[in-house]
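Peer 1: Sequence plus the predicted model coming up.
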Amino acid sequence: MTDNELKELVAGLAVSQAKTDEQMAITDAQFKETNLKFAETEAQMKRTDEQIKRTDEKMERIFTEMGGISNNMGLSAEEYFYNSLADSLQLGGIHFDEIGKNVQKKSKRLEDEYDIVLYNGDCIALIECKYKAHENDLRKLMDKKANNFKELFPFYKDYKIYLGLASFSFYSELEGLAKQNGVAILKQKGDIMVVEADNLKAF
């Protein structure tokens, strides 16, 4: 190889190296820009996570407060109808001797609670109390709670069991369905309790 050829080779290598250095500088700048964007994205994600956490905490407080309000309304309904029934000890013309509130029982395979229970020598009345009654409350009372009571309290298995749905708020279809099935309706009218139990039947 001649000196000129060697010089041309060295010059070519120098040019190639310069291009490589330039490309590496560009790539390095791109990496830095990408890393900066990653850092910005990570910071944004962290801020978003913090915002989600604050929102979740706020929603949890709201749900807790709403649950407390709902429970309080349900308890106020129970208290009102219990006090009214304790004064009269009557349901649909049937006189009762005793009244119980929040009656609970648990067996190995079954557990239930009854808002109000009225007792006499051969009859039981189970009263489900709701601030605002719905059809599923009535269905549960008829289809489940009466049978559960007989199983949980075998002493009363031969007693006639009457059912009542008590609420501050009814819609007409629900009242009609309860009456068709022989379930007493207990509601508030002004300052007094009104009982509609013309079609009361034993379960």
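Peer 2: The structure has been received and is ready for your questions.

Peer 1: CA atoms for contacts and neighbours, from now on please.
Peer 2: Will do.

Peer 1: which residues of the chain fall in strands?
Peer 2: For the chain, strands defined by DSSP state E occupy the ranges 90-91, 94-95, 98-106, 111-119, 123-132, 160-169, 184-189, 192-196.

Peer 1: got CSV for those strands, with mean pLDDT too?
Peer 2: Converted to CSV, the strands of the chain look like this (pLDDT from 0 to 100):
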stretch, mean pLDDT
strand 90-91, 96
strand 94-95, 96
strand 98-106, 96
strand 111-119, 97
strand 123-132, 96
strand 160-169, 96
strand 184-189, 93
strand 192-196, 91
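
Peer 1: Next, format those strands as TSV and append mean neighbour count.
Peer 2: Formatted as TSV, these follow (neighbours: other CA atoms under 10 Å):
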stretch	mean neighbour count
strand 90-91	18
strand 94-95	12
strand 98-106	13
strand 111-119	19
strand 123-132	22
strand 160-169	22
strand 184-189	21
strand 192-196	16
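
Peer 1: For residue 138, find the nearest of the ones you listed.
Peer 2: Closest to residue 138 of the strands of the chain is strand 160-169 (CA to CA; 6.9 Å).

Peer 1: Give me the sheet partners of that closest one and which way each runs.
Peer 2: strand 123-132 (parallel), strand 184-189 (parallel) (DSSP bridges).

Peer 1: where does residue 60 land on pLDDT?
Peer 2: pLDDT, residue 60: 58.

Peer 1: what does residue 54 give?
Peer 2: Listed pLDDT for residue 54 reads 65.

Peer 1: Going forward, count from 50.
Peer 2: Got it, first residue is 50 now, which makes that one residue 103.

Peer 1: Just the CA trace of stretch 238-245, in PDB.
Peer 2: What follows is stretch 238-245, C-alpha atoms only, in PDB (Å, rounded to 0.1, in the frame of the first residue of the first chain):
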ATOM      1  CA  LYS A 238    -100.200   8.300  59.200                       C
ATOM      2  CA  GLY A 239     -99.600  11.600  60.900                       C
ATOM      3  CA  ASP A 240     -98.600  10.700  64.500                       C
ATOM      4  CA  ILE A 241    -100.300   7.300  64.600                       C
ATOM      5  CA  MET A 242     -99.600   3.900  63.200                       C
ATOM      6  CA  VAL A 243    -102.100   2.500  60.700                       C
ATOM      7  CA  VAL A 244    -102.500  -1.300  60.400                       C
ATOM      8  CA  GLU A 245    -104.100  -2.800  57.300                       C
END
